[in-house]
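[1] Have a look at this prediction, sequence included:
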Amino acid sequence: MVNLPLSPKLKAIVEVNEAKGNAYALSTLKSGRDYVERFSYALALKREGMYDEAIDVYKDLLKEKEDFIIYNNLANCYVGMNDLRKALEFYQSAINIQPNATTFYNMSQVYREMLDFEKADNYFSLSSKKDFNKIIRYRSISNNNPNRFVIDIGLPTQTIFKYAVLNTSYRNLDTSVLPLYYYPIAAIIILALYLYLMQRLKVNAYSCKRCGSVFCKKCEKRLFWGDMCLQCYRSLIKLDELEPKERISRLLKIYEYRSKKRNIIKILNMLVPGTGHVYAGSILQGLLFLWPLFFFTTLIILNCFCSFGINGYTHYWLNIICLLLIAFTYIITNLITKRRLTRGWV
């Protein structure tokens, strides 16, 4: 969640807010004075069953800032103490500040515990409308861990990041390092420079597939289909001296070879966009098509199988965007391939 040098307090804050552990936070954040430190300490207290201490810390935090997250977690403390009426009061305070899926879900759980199934179903419906994917995760957590009857809300990622910037050695890093938003620009500039140098400096050598001799693109002004040198090409098209049967046979062989190579390129690009270009010798262009395919596919896989705690964030929208970009890459690659083949490529 935060990729910075971790101080002991920051490590404890990250662990408790990502539901990875409470013991370290209890020992490290007990004397904390910062809002983020005290919030995380209260969260660790609650999860360890120290409800009275957690309630005291949360109420002190409410004097500084009325936040729906605090009200939600405070209500969870009362649920742990089996004071469900009091819990509902604080849940309602959270909803009054900001209606959210987590608090609606918790209220549905409490009403179900009180056997008021009508209200429980109503609040569950409200939570599902707010964020259906999040509720699926909550149900899974509740089924796997009976102690997680209601769901706590951790601090937002940006809040922890802000704390990290202000309270860790990140401030002492060399100020000559480029800001993060400069790196994509730098990557584009480097790529453009690379392409320019490749066009100006590279000398591609080709091996004739018929006679085996090596020749360069600068010497041969045109690379004829079949990856043949000019002499072999001339010998094939010098058909006047041949018998009609052999002439037709040679023409058919050339046509079959060309058609076969084109079909292989089409099939490869249909299966994995960009591989057809690599097969045809356009390696750089092929890699440029392959990179977004593998990048967005990797994002989808990581998003499905990697968990970052239950701090209230879902990224299923990212899967949709990645799928659309993969489809766009697939269509563009095949359209470019079809256009180039129509114009006589290979």
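    That came through, no problem.

[2] quick one, strands of the stretch 201-346 of the chain?
    205-207, 214-216 (DSSP state E, counting those that start in this stretch).

[3] Out of those strands, which gets the lowest mean score?
    Note on those: strand 205-207 shows the lowest mean pLDDT, a mean of 59.

[4] Which secondary structure element of the chain has the lowest mean pLDDT?
    strand 205-207 (a mean of 59; mean pLDDT, DSSP states H and E).

[5] Model confidence for Ile265, exactly?
    87.

[6] could you check the distance from it over to Gly274?
    11 Å (Cβ to Cβ, to the nearest Å). C-betas here are computed from N, CA, C, even on glycine.

[7] Looking at these two, which one has more neighbours?
    More crowded of Ile265 and Gly274, by other Cβ atoms under 10 Å: Gly274, with 25 against 22.

[8] give me every residue that touches that one.
    285-290, 293, 333 (Cβ atoms under 8 Å, 6 or more residues apart in numbering).

[9] quick check, nearest of those residues to Ala87?
    Leu293 (49.3 Å; Cβ to Cβ).

[10] Distance check, that closest one against Gly274.
    7 Å.

[11] low-confidence ranges in the stretch 1-150 of the chain?
    Along the stretch 1-150 of the chain, the model assigns pLDDT under 70 to residues 1-6, 141-148.

[12] Break down it into its helices, ranges please.
    8-17, 23-28, 35-47, 51-64, 68-80, 84-97, 101-113, 117-130, 132-144 (DSSP state H, counting those that start in this stretch).

[13] Distance-wise, check the residue positioned nearest the centre of the chain relative to Trp317.
    When Cα atoms, centre = their mean is applied to the chain, the residue found nearest the centroid is Leu299 (3.7 Å). Remark: distance between Leu299 and Trp317 (Cβ to Cβ) = 12 Å.

[14] With Gly281 instead?
    39 Å.

[15] Show me which of the two is the more surrounded one.
    Between Gly281 and Trp317, counted using other Cβ under 10 Å, the more crowded position is Gly281 (13 against 10).

[16] and that one, what are its phi and psi?
    Reported as degrees, to the nearest 10, the phi and psi values for Gly281 are phi 100, psi -10.

[17] and the closest residue to Pro292 other than its chain neighbours, what is it in contact with?
    Closest residue in space to Pro292, ignoring its immediate chain neighbours: Thr329 at 4.9 Å, by Cβ to Cβ, 6 or more residues apart in numbering. Shown in contact with Thr329 (Cβ under 8 Å, 6+ apart): 273, 289, 292-293, 296.

[18] what's the pLDDT at Thr329?
    pLDDT, Thr329: 87.

[19] Give the burial count for the residue nearest to Ile283 when sequence neighbours are not counted, as a bare number.
    Distances taken as Cβ to Cβ, 6+ apart put His277 closest to Ile283, at 7.4 Å, once the chain neighbours are dropped. For His277, the neighbour count with other Cβ under 10 Å is 25.

[20] From Leu126, how far off is His277?
    His277 is 51 Å from Leu126, by Cβ to Cβ.

[21] One more: Pro8?
    40 Å.

[22] Who has more neighbours out of these two?
    Each of Pro8 and Leu126 has its neighbours counted (other Cβ under 10 Å); Leu126 has more, 18 against 11.

[23] Give me the nearest residue to the more buried one, chain neighbours excluded.
    Per Cβ to Cβ, 6+ apart, closest to Leu126 is Phe104, 4.4 Å.

[24] That neighbour: neighbour count?
    Neighbour tally, Phe104, other Cβ under 10 Å: 24.

[25] related to what we said a few turns ago, which of the contacts of Gly274 sit farthest apart?
    Across those (Cβ to Cβ), the longest gap, 13.4 Å, separates Gln285 and Leu293.

[26] still on that earlier bit, now the buried members of the contacts of Gly274.
    285-286, 288-290, 293, 333 (16 or more other Cβ atoms under 10 Å).
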